[in-house]
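# Structure of the sequence below:
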Amino acid sequence: MKRRKFLSLLTCGIVAVCMAVALGLAGCGGGSASSSKAASSSASSSANSGQAVQLQIYAANSLSKAMAEAQTLYTKKNPNVTFADTQYKSSGELNTMLEADPTAADIEITASKGTMDTAEEKGFIDKNTRVTMFKNDLVMVTSANNNNITSVTLDDIAAGKYTICVGDDSVPAGNYANQSLSTVGCFVDPDGKTGAESAGKANGTDAYAGTPVAGKVVTDTSVGNVCKHAESGDVDIAFVYTSDVERFGGVKVVGTVPANTHKNITYPGAVCAKSKNATAAKAFLDWCMTDKEAAEIWQKWGFELAG
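Modelled structure (predicted):
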């Protein structure tokens, strides 16, 4: 009798232990699944929030108003991305700055293919990220208060009727203007080339000497300054981009320079080769080219997407 009671108690104990073990294992399994799910959710949340990044952009002067507005919109859509004090300079100056410190910027956007070609040759940019971003037009402007000049052509310039202002050798807008002026005998390329074949650079010579505009040309170091010469009435006509009319005001367009008299006006952009934020920089460049609201900003300031 005692033996039966002992066996019965032993059997119950074994069953109880087995059930406890089974429940324990089930509990461990459930806890592991729950932890895994929580970890996955945390990782997803972390990825979506994005790491804080500050991008430094070197951009052509003529982009200042449009780029500032685009950056504000981008940060609104991507709060983790902000922008340092964007440097707006002539395209030649941008390359000079990168040569002094290749790690200083994340993105370079120039106002000429030739300047970006130089940046690529010197290793300032990652050539695999290079893209032609915008197009622009070259126009002739005079002061908004000047009622005596209503329409101007390159032939009028060649007739020596007006004083003019163009950018110096470091300013792409000036190079384009000189290319066009060479087609009507108002700029002498040191290499003897004209139009789109010319670099549009004086290279230390007085390239206007002996032409109808000799003594009538003022040069300056930025397209913004060139525009101001016309606004103030310091010169009759200035050669600037369409976007500069929107950007500065104070001037009015009195003529469009024929596109076939100069190289195509394009704005190439690229991630800098020594960028510390290359992935975020590339994402911003892509957004500039594809976002609908960004496209409206470029158009508002006189730029046309090249793609």
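# Could you report the neighbour count for Ala70?
Using other Cβ atoms under 10 Å, the number of residues around Ala70 comes to 23. (Glycine included, C-beta is placed from N, CA and C.)
# Looks like it contacts Cys288 (just checking).
Yes - under the criterion of Cβ atoms under 8 Å, Ala70 makes contact with Cys288 at 6.5 Å.
# low pLDDT regions in this structure?
Low-confidence segments of the chain (pLDDT under 70): 1-49.
# which residues in it form strands?
With DSSP state E as the criterion, the chain has strands at 53-55, 57-60, 81-83, 87-89, 107-109, 131-135, 138-143, 164-167, 217-220, 237-241, 251-256, 266-271, 304-305.
# And stretch 190-204, what's buried?
For stretch 190-204, a neighbour-count test (16 or more other Cβ atoms under 10 Å) marks 194-196, 198-202 as buried.
# how much space between the residue nearest in space to the middle of the chain and Phe284?
By Cα atoms, centre = their mean, the chain has its centre lying nearest to Ile109, at 4.2 Å. Computed as Cβ to Cβ, to the nearest Å, the Ile109 to Phe284 distance reads 11 Å.
# Next: Met97.
Met97 sits 19 Å away from Phe284 when distances are taken as Cβ to Cβ.
# What is the burial count for the residue nearest to Ser151 when sequence neighbours are not counted?
Spatial nearest neighbour of Ser151, chain neighbours left out: Val254 (5.7 Å); criterion: Cβ to Cβ, 6 or more residues apart in numbering. Neighbour count of Val254, defined by other Cβ under 10 Å: 20.
# residues in contact with Val257?
137-140, 154, 176-177, 180, 239 (Cβ atoms under 8 Å, 6 or more residues apart in numbering).
# For Met97 and Phe284, indicate the residue with more neighbours.
Neighbours per residue, other Cβ under 10 Å: of Met97 and Phe284, the larger number sits with Phe284, 23 against 17.
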